[in-house]
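A.B. asks: Curious how this folds, go ahead:
(one chain, ligands or ions: 1)
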Amino acid sequence: MNPQWNDRAVLSGRGLVKRYGAQFALAGVDIEVQPGEAVAIVGPSGSGKTSLLHVLGGIIKAEEGEISLAGQRIDQLSEKGRSELRRSEFGFVFQQGMLVAELTAEENVALPMLLGGTPRKRALEAAREWLNRLGLRGCEGSRPGELSGGQAQRVAIARSLTHRPKVIFADEPTGSLDTRTGKETMDALLVAAADAGASVLIVTHDRELADSLPRTVTIRDGRIVSGLVVA
Ligand SMILES: Nc1ncnc2c1ncn2[C@@H]1O[C@H](COP(=O)(O)OP(=O)(O)OP(=O)(O)O)[C@@H](O)[C@H]1O
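C.D. replies: Modelled structure (predicted):
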């Protein structure tokens, strides 16, 4: 391991480069996330925010650079290894909850656990507990089409946390909600993540939301221009 890396960081990226043809989505990004830390990632449209989230979360591979999770290199994992990592160590919340329409709220939340081999009864119990923590008691049997936008995002948040991931990656998680519901949903995400001891990386266009987090990283043209250092 590079001796300059901070042992405390739960997630580190060094020299990350991601290209699409001649276009640099990431042009050499260094970033460190501490355990339990909540970090906003802001920047103009097309600056590389989603690319950074996807590279760090193992959804896509960078062409260059090193990524480390709790001190272990993860950037050289195979597709299968990255898929297992995403399922066991990371949680994801997207702008549209991406819930499975045919499944109930509790089945949606239980899904990552079921895929990870947890017995159905135990997975559903844990799912109900998380739904309860996110203020969704009574919605366990509802399907996504029967939920409001804010409720659906809370289900997605519960789903991202049930397997106790080290890091949650959230891409515009409140982008499709009205301001008040967005703020309530964001608060719910931050409280639940803190409860679970997970770090959170949140891509957002919402300045107010970003300012409410302890640390904001600004990215421009694929490079971090501020917020590199932990406050
Ligand atoms: N799949 C892709 N194919 C080609 N180019 C891409 C692809 N994904 C991203 N890019 C390009 O990479 C650059 C960074 O895109 P990215 O989506 O990471 O930015 P962003 O900051 O998340 O943008 P936005 O705020 O609009 O979502 C942009 O120039 C974009 O056009």
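A.B. asks: okay, CA-based contacts and neighbour counts for the rest of this
C.D. replies: Fine.
A.B. asks: And the most centrally placed residue in the chain, which helix or strand is it part of?
C.D. replies: Centroid-nearest residue in the chain, with CA atoms, centre = their mean: Phe169, separated by 1.1 Å. Assessed by DSSP states H and E, Phe169 sits inside strand 167-171.
A.B. asks: what's the answer for Leu190, then?
C.D. replies: Secondary-structure element containing Leu190, defined by DSSP H and E: helix 179-196.
A.B. asks: For the strand holding Phe169, which outside residues touch it?
C.D. replies: Applying CA atoms under 8 Å, 6 or more residues apart in numbering, the contact partners of strand 167-171 are 50, 53, 57, 89-95, 160-161, 193, 198-204.
A.B. asks: if we go to 7 Å?
C.D. replies: With contact meaning CA atoms under 7 Å, 6 or more residues apart in numbering, strand 167-171 is reached by 50, 53, 89-95, 198-204.
A.B. asks: Same question for stretch 108-116.
C.D. replies: Counting by CA under 7 Å, 6+ apart, Arg87, Leu99, Val100, Arg120, Ala123, Leu124, Ala127, Val155, Ala158, Arg159, His163 sit against stretch 108-116.
A.B. asks: Likewise for stretch 204-223?
C.D. replies: Contacts of stretch 204-223 (CA under 7 Å, 6+ apart): 24-29, 38-44, 47-49, 171-172, 224-228, 231.
A.B. asks: ends of it, how far apart?
C.D. replies: End-to-end span of stretch 204-223 (CA to CA, to the nearest Å): 16 Å.
A.B. asks: pLDDT on that stretch, on average?
C.D. replies: The pLDDT scores in stretch 204-223 average 91.
A.B. asks: Would you mark the buried spots in that stretch?
C.D. replies: Of all the residues in stretch 204-223, those buried under the rule 16 or more other CA atoms under 10 Å are 204-205, 209-210, 215-223.
A.B. asks: Is any residue of that stretch near the ligand?
C.D. replies: No. Stretch 204-223 does not reach the ligand (CA under 6 Å from any ligand atom); its nearest approach is 7.0 Å.
A.B. asks: switch to numbering from 509
C.D. replies: In the new count, where the first residue is 509, that last one comes out as stretch 712-731.
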